[in-house]
Every structure is written in C-alpha cells, then in structure tokens.
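**Student:** task: produce atomic coordinates for the following.
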Amino acid sequence: MQTLHFDTLCVLCSLSLFALAAAMACLNKTVEEQLAGVSSALADLLQRSGSADARVVGLRDEAYEILIGAGLANRTKLHCDRVGVHPSNRSDTGVEPQEVLRKLAKFAKAGFSFAECARAAAVEREPGAAGDCMEQRNAELVRQSAGQLAPVAAHSLEAFSVTCGHTNQALRAAWHGVPSDDASIAIQGKVSRAMLANRDQALGRAMESGMEWLVIRWQVAKAFPQLVSLIAGADNVPSAIARADTSIQLLWRVHKQASLLADGSGNIDWGKVEAAALRSLPKNPGDIAQATPASQLARQPASQRTTSQLASQPASQPASQPAS
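**Tutor:** I've put the predicted structure just below:
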C-alpha cells in the first residue's frame, strides 16, 4: 500500500470537505467549463471587494475556496528557479531588489519556516507570447537590480509569485550565488548556498527542493486580473502595517486602482480609487490621499480652481466644498 507523504496529507486536510468534493466532481471538466461555473461568484466577490470597508483578507480566503473547489487552483511544489515574480505584486514593481538579500540574511539568522510560507500563491505561466512577455519582464527586473536578483534563463519560469515573492527571490539568490559582501550569507563575495544549508536545514531543503505553492490557473488571472491584485493586496497587509511603502509604490497603487476602476468612458471615481488603495492598511495613508486628484482638488482654494477642474467634480459634491 502506497504511503502518502506528510505534506500531501497536510494539503488534503487543509481543504474543506465541500471544496474536496467539488474538486473531485470537476475532474472531467475543461478549464473553460470550470471557470464558467464560478465566474458569477468571482464577479460578485470582486464587486464586494470594491467597497471602502471591504475585508480583503477574508475575501482572499473566500476566493481561494472558490478556486480550489472548482479545480482552478492546486497545491504544487516548485523549485525556486521555476518561479518568477508577477507584476501585480508590490504595486506593479514585482519585488524590491534591495530587500531580497536582507530577507535571506534574516533566514540565516532566525531560520527558515515552511509554515510561514503556507500562504505562497502564484499564477501559472500562460502559453505563448503572454507568458514569454511575463518572463521577459522578470529578466528586465534582474537587469535593473544591479546584481541583487538571480538571473532568469529563457523558458525557465513555470509560474509567477503573487505572494511570498521576496522569499522566493531570496532562495533564488542563494541558489545562484549572487554577489554579496554580507559575511552572514556570503563567502568571498558571493552568497554561499552550502554555508546557508549547513546553518539551517529547513533553508537548505527550501533551496534544494522548493516550496509548496497554491498555483492559480492562468485562465483565471486573464479573465479576472483584479483577483490577482486582491490576493497581492491582502497578503501585503501585514508588511504594510510593519513598514511604510515608498512613494513610488504608493503612486503605482493609485495608478493600478484607477486603471481597474475606470468605466467604459474612462471616467474615474477617485474616491473609490482612494478607498481601494487604502484597503491593505498602508502605514502612510495620508500619502495616498495626496496622490489622488480628488483629494488635491479638495485642498485647493475654490478661487484657484480652473473651469475644467470645477466641471470635473462629481455633481453630488459642491465645487466649493471639500470631498468627503
């Protein structure tokens, strides 16, 4: 009788009975059929996520249950060298290269935890030009990192991280031995995989065998790009509380939300944009308010506003009064 590995048992136990039964029921369905079966539920979830008081962490978990139940996401172990960065994370910047070796140094000092990485989620690579473009964006990120990120070989990436991106990039940096002068992780100017593995067995296993990811089908991300942003935003809540985003990250967050919330005519409700950008609880919320045109106009004296600015204000808000 074949014995299930412990990690496989953990995966099975993590699914609710409903989700497991649903996954078994959809084994013979095509991805398109599976997606059609949950499209209305995902659309409703994303509509609720647009509320100013949306509980993004709970909505993320609800989305996971829908996707797992429909067979549109599954747990897969992937080596770090097979996982790139999805651009939706970190307000379209992917990762912060300067944080990658700092993360690795923290692992070297405190140890690596697979339990902490249980939230790792990624989107599988889309076939053809779209997947190639995503990989090229990762290669460009490497080129701009001044050696802080590990190289990306052509046709090497199978998935793109939405969460735990810095953790995976830290493992990649160790695997490839990127340049570093930090004696806690490097020998003779390069990160030492052997030294790190000898210091922490869990870190060694993570580098050698990879981590387990919840991999979302590419068709889901293509049909519902807002869902990827929701997952990334929910995962960034703890780090946002602990550490303030940079000005560039905040501007990208506002830009991203404005793009998602614009209607068919290109009109944007900046109040909703600001509320959506604040859902991940950034440590410097005032900076987001300053980055939205509606807030800038509200702070500008009425006598200094142009005719076009006055005309662009929502009718429900008098031009001479600040937006609520």
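**Student:** and residue 106, which of the three is it?
**Tutor:** Under DSSP: H, G, I helix; E, B strand; the rest coil, the three-state class of residue 106 is helix.
**Student:** what's the answer for the one 3 residues further on, then?
**Tutor:** For residue 109, the secondary-structure state derived from three-state DSSP is helix.
**Student:** neighbours of it, how many?
**Tutor:** Residue 109 has 11 neighbours, counted by other Cβ atoms under 10 Å. Just so you know, the C-beta spots here come from the backbone N, C-alpha and C atoms, and that holds for glycine as well.
**Student:** ends of stretch 43-57, how far apart?
**Tutor:** End-to-end distance for stretch 43-57: 17 Å, by Cα to Cα, to the nearest Å.
**Student:** show me what counts as buried in that stretch.
**Tutor:** Applying a neighbour-count criterion of 16 or more other Cβ atoms under 10 Å, one finds 45-46, 49-50, 54, 56-57 buried in stretch 43-57.
**Student:** do stretch 108-123 as well
**Tutor:** For stretch 108-123, by 16+ other Cβ under 10 Å, it's 108, 112, 117, 119-123.
**Student:** nearest to residue 168, of those?
**Tutor:** The closest of these to residue 168 turns out to be residue 120 (Cβ to Cβ; 7.6 Å).
**Student:** which non-adjacent residue is nearest the closest one?
**Tutor:** residue 164 (4.0 Å; Cβ to Cβ, 6 or more residues apart in numbering).
**Student:** all helices of the stretch 101-250 of the chain, in order?
**Tutor:** Taking DSSP state H, counting those that start in this stretch, the helices of the stretch 101-250 of the chain run over residues 129-143, 165-176, 193-199, 201-209, 218-223, 225-235, 237-242, 247-261.
**Student:** thinking again about what came up before, among the buried residues of stretch 108-123, which two are most distant?
**Tutor:** 108 and 123 (29.4 Å).
**Student:** give me the distance between residue 132 and residue 114.
**Tutor:** Look at residue 132 and residue 114: by Cβ to Cβ, to the nearest Å, they are 31 Å apart.
**Student:** surely the residue nearest to residue 120 meets residue 210?
**Tutor:** No - assessed by Cβ atoms under 8 Å, residue 164 is found out of contact with residue 210, at 11.8 Å.
**Student:** so these two - more neighbours on which side?
**Tutor:** The neighbour comparison of residue 164 against residue 210 (other Cβ under 10 Å) goes to residue 164, with 22 against 19.
**Student:** who's in contact with that one?
**Tutor:** By Cβ atoms under 8 Å, 6 or more residues apart in numbering, the contact list for residue 164 reads 117, 119-121, 211, 235.
**Student:** looking at this, residue 273 is in a helix?
**Tutor:** Yes - read with three-state DSSP, residue 273 is one of the residues of a helix.
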